[in-house]
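[1] generate coordinates for the sequence data below:
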Amino acid sequence: MTTDADVAYETKTVRAVRGMESRTIKKWEADGWKLVAQTHGKVQTELTFRRPKPKSRQLLWIIGGGAFALILATIIAFGVLSERNAETAVSAAPVSSESTSEPSAEPSPEPDEVTPSAEPQPEPLVLTPANSPELAALLVLTDYCAPEVAAFAAAHSGQTISFPGYIGAMAPHDGATTRYDFLIGAGDFSESSAPGPAFQFRDVNATNDLQWVGAVPDSIGVGTNLSVTAQVDRYEQSSCLFLLEPVGTAVR
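    Sure thing, here's the model as predicted:
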């Protein structure tokens, strides 16, 4: 009876492409080799086989002669070529982008939104007696408390109007020494007639608040004719005063 200690072994290391290990093992086991170890790499697996050494290699050569050696060499060469062909096929095969590509760490940026260019907005129309029949009719009213005055103020609140006018009266605002309430009439100053609404600049000083256009006059007072450009504020029903906010004032 013999033990492993009495038997001499020969070993062989073979490389197989990953996934084809069982095929390679089966081939070498058919030749009498026994798998004793395998080491996995990224592309290949290293397989280690062993088998008992023949008792007399000289006897094998005598029995088999050169033909046996040629057959054995052919088998080994065929195995090596098969493994190389398999390895070449794996390296040449296209790698799926779905399985190997890592997902992007950041989402691709959204395309910039194209903001349509805004069309230039027309300048707000300044109402004058020439371009607004409604304003022209307002300026020749004989009753400054007429319902047309309230209607015009409500319809054009915040709009700018421009017309020839004059200072019909001025008084300190609530007893102030530098702030005044100016009563503005339509057209030229006259002691006998006062058509149009009772326009008023309320609580303004005679310099900055009137928004002078051109040279600032040395003095103003009742009877001074003006070119008035102002923003419509509101109409006071109780006093029939039509309040305006000065935008531009010029002496004419």
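
[2] can you pull out the low-pLDDT segments for the stretch 101-250 of the chain?
    101-123 (pLDDT under 70).

[3] ranges for the strands of the stretch 151-252 of the chain?
    In the stretch 151-252 of the chain, the segments counted as strands under DSSP state E, counting those that start in this stretch are 160-172, 180-186, 198-204, 225-236, 241-251.

[4] from what I can see Leu138 touches Pro197, true?
    Yes - Leu138 lies in contact with Pro197 (C-beta atoms under 8 Å); the separation is 6.5 Å. In short, each C-beta sits where N, CA and C put it, glycine included.

[5] shared neighbours of these two, anything?
    Both Leu138 and Pro197 are in contact with Val149, where contact means C-beta atoms under 8 Å, 6 or more residues apart in numbering.

[6] re the thing from before, quick one: closest of the strands of the stretch 151-252 of the chain to Gln211.
    strand 241-251 (4.7 Å; C-beta to C-beta).

[7] tell me what angle that closest one forms with strand 160-172.
    Angle, strand 241-251 to strand 160-172, by axes from the mean of the first three to the mean of the last three C-alpha atoms, to 10 degrees: 100 degrees.

[8] who does strand 241-251 touch, helix- and strand-wise?
    Using 3 or more C-beta pairs under 8 Å, 6 or more residues apart in numbering; DSSP states H and E as the contact test, the elements touching strand 241-251 are strand 160-172, strand 198-204, strand 225-236.

[9] just name the most buried of these.
    Of the helices and strands packed on strand 241-251, the one with the most neighbours on average (mean count of other C-beta atoms under 10 Å) is strand 198-204, at a mean of 20.

[10] what's in contact with that strand?
    144, 165, 173-174, 179-186, 209-210, 228, 230, 240-246.

[11] now find how far off-centre stretch 127-134 is within its chain.
    46 Å (C-alpha atoms, centre = their mean, to the nearest Å).

[12] what comes up buried for it?
    Going by neighbour count (16 or more other C-beta atoms under 10 Å), the buried part of stretch 127-134 is Leu127, Pro129, Ser132.

[13] can you check stretch 144-158 too?
    Using 16+ other C-beta under 10 Å as the test for burial, stretch 144-158 gives Tyr144, Val149, Ala150, Phe152, Ala153, His156.

[14] in this structure the last one contacts Val232, no?
    In this case it means His156. Yes - in this structure His156 lies within contact range of Val232 using C-beta under 8 Å: 5.0 Å.

[15] and the closest residue to Gln44 other than its chain neighbours, what element?
    Of all residues not flanking Gln44 in the chain, Arg15 sits nearest, at 4.7 Å (C-beta to C-beta, 6 or more residues apart in numbering). Per DSSP states H and E, Arg15 falls inside strand 9-17.

[16] tell me the angle of the helix or strand just after that strand relative to strand 9-17?
    Next along the chain after strand 9-17, taking DSSP H and E as the criterion, comes helix 21-30. Put simply, helix 21-30 runs at 150 degrees to strand 9-17, going by the same axes, to 10 degrees.

[17] for helix 21-30, give me every contacting residue.
    Lys12, Val14, Ala16, Leu35, Gln38, Thr45, Leu47, Phe49, Gly79, Glu83.
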